[in-house]
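Asker: sharing a model prediction with you, sequence too.
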Amino acid sequence: MIINQKVSDILKAKFPGVVIPSEEQHNDYIQIYPEKWNEIAKFIKTESELKFDSCQCITGVDLGIEEGLEVRYNFHSMKLKHKIEIRIAVERKKPSIPSVEQVWRGADWLEREVYDMYGIRFKGHRDLRRMLLPDDWKGWPLRKDYKTPKIYNGMKVPKVRKGWD
Amino acid sequence: MGFLEDRFDDNIITAKLDQILSWARSTSAWYFQFGLACCAIEMMATAASRHDLERIGMMPRSSPRQADVMIVAGTVTLKMATRVIKLYDQMADPKYVISMGSCANSGGPYSRQGYHVLKGVDQIIPVDVYVPGCPPRPESLIEGLLKLQDKIRKERPLTKKK
Ligand code: SF4
């Protein structure tokens, strides 16, 4: 994982204190703090040695009730043909993180989907609406503490229908 | 058919208007062309040249106002269920519904964990024929459609119900 080492070295030099050090030797990702994420995003997209010009995926992860949530970004460089994963932890109450929608346009719908499923607010996103679920849906279904609603718009959503088993 | 029988040439058939109506309805049951998930692929295969639904008088219509049969082919998510009701209401009477595949019958693979899936389309609209399978093969769908034709043929639209 030479590229991870390289990216984290460059980031450490440019933004001191932003990369979270890790004990593991062979990480294939970089964990960073969310505060300066927008600047870092612009930086890794334009920096001549990195040039991550393609945002391939944004995923939300719920690490468990006690732990928080996490957003994971996968970037790829078409020019230099390398890729990286960046992880940013967010808290469970009021999760929010700077949006990179204006840096990579492709991140627009990916961020909306993460918002839809985990309720993580992307600060600075210009059109943060639900992506897949209906607009009047309540709750964030992929969180561990989500309770399936019993009724939606007058339609019953039973866990087990009568007469089954 | 009573005293009218055998009084005309061979190419003239006599029957009750009631029967003719339901026979005509059953053999020209046009279905509404809409698919919700993977089952729709099988529905397309059924309509395509190998299985050829038009030989039993069914052809796809792209508007609910021209269709007689709604084939609910696939997973009815709660978001889509609102639309399914709307589309069903737009169809002109007489209208029939076929529930195709486990998802439309009972929620199918999503019956336990799915937070977003309606557990059976019969909770929101009346269903005439259920076709089991995940997905049902074209043969099963045709079987279901033939069952529906039988059902329509037994109807007597002009006879007063007691
Ligand atoms: S019944 Fe099976 S094939 Fe049909 S829509 Fe559901 S999952 Fe797909």
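Answerer: Cool, the structure landed. Numbers count the residues shown, from 1 in each chain, chains lettered A, B, ... in the order given.
Asker: need the helix or strand of chain A with the lowest average pLDDT.
Answerer: Every helix and strand of chain A was ranked by mean pLDDT, DSSP states H and E. The lowest is strand A:155-156, at a mean of 79.
Asker: residues from chain B in reach of the ligand?
Answerer: Within chain B, the positions near the ligand by C-beta under 6 Å from any ligand atom are B:37-39, B:74-75, B:101-103, B:108-109, B:134-135. For glycine as for every other residue, the C-beta is placed from the backbone atoms N, C-alpha and C.
Asker: re earlier: just checking: what are the partner strands of the least confident helix or strand of chain A?
Answerer: Neighbouring strands of strand A:155-156 in its sheet, by DSSP bridges, are strand A:151-152 (antiparallel).
Asker: tell me which element the residue nearest the centre of chain A falls in.
Answerer: Geometric centre of chain A, nearest residue: residue A:71, 2.6 Å, by C-alpha atoms, centre = their mean. Here residue A:71 sits within strand A:69-76, counting by DSSP states H and E.
Asker: neighbouring strands of that strand in the sheet, and parallel or not?
Answerer: strand A:54-62 (antiparallel), strand A:83-90 (antiparallel).
Asker: picking that back up, sort the residues of chain B next to the ligand by pLDDT and name the bottom one.
Answerer: In terms of pLDDT, the lowest of the residues of chain B next to the ligand is residue B:108, showing 84.
Asker: quick one: that residue and residue B:135 touch, right?
Answerer: No - contact criterion C-beta atoms under 8 Å: residue B:108 and residue B:135 do not qualify, at 9.7 Å.
Asker: common neighbours of the two, please.
Answerer: residue B:101 (C-beta atoms under 8 Å, 6 or more residues apart in numbering or on different chains).
Asker: quick check: residue B:109 is in a strand.
Answerer: No - using DSSP: H, G, I helix; E, B strand; the rest coil, the assignment for residue B:109 is helix, not a strand.
Asker: one step back: now the strand holding residue A:71: how far from the chain's centre is it?
Answerer: With C-alpha atoms, centre = their mean, to the nearest Å as the basis, strand A:69-76 stands 5 Å off its chain's centre.
Asker: hmm, who's touching that strand?
Answerer: A:29, A:44, A:52, A:54-63, A:82-92, A:95, A:97, A:100, A:114, A:118, A:120, A:143.
Asker: touching, residue A:124 and residue A:103? I think so.
Answerer: No - under the criterion of C-beta under 8 Å, residue A:124 is not in contact with residue A:103, lying 10.0 Å apart.
Asker: higher neighbour count, those two?
Answerer: residue A:103 (21 against 14; other C-beta atoms under 10 Å in any protein chain shown).
Asker: for the more buried one, which non-adjacent residue is closest in space?
Answerer: residue A:41 (4.6 Å; C-beta to C-beta, 6 or more residues apart in numbering or on different chains).
Asker: burial measure for that neighbour, as a count.
Answerer: Residue A:41: 22 neighbours (other C-beta under 10 Å).
Asker: and it, which of the three is it?
Answerer: Residue A:41 ends up helix, using three-state DSSP.
Asker: where are the low-confidence patches of chain A?
Answerer: A:1, A:23-26, A:158-165 (pLDDT under 70).
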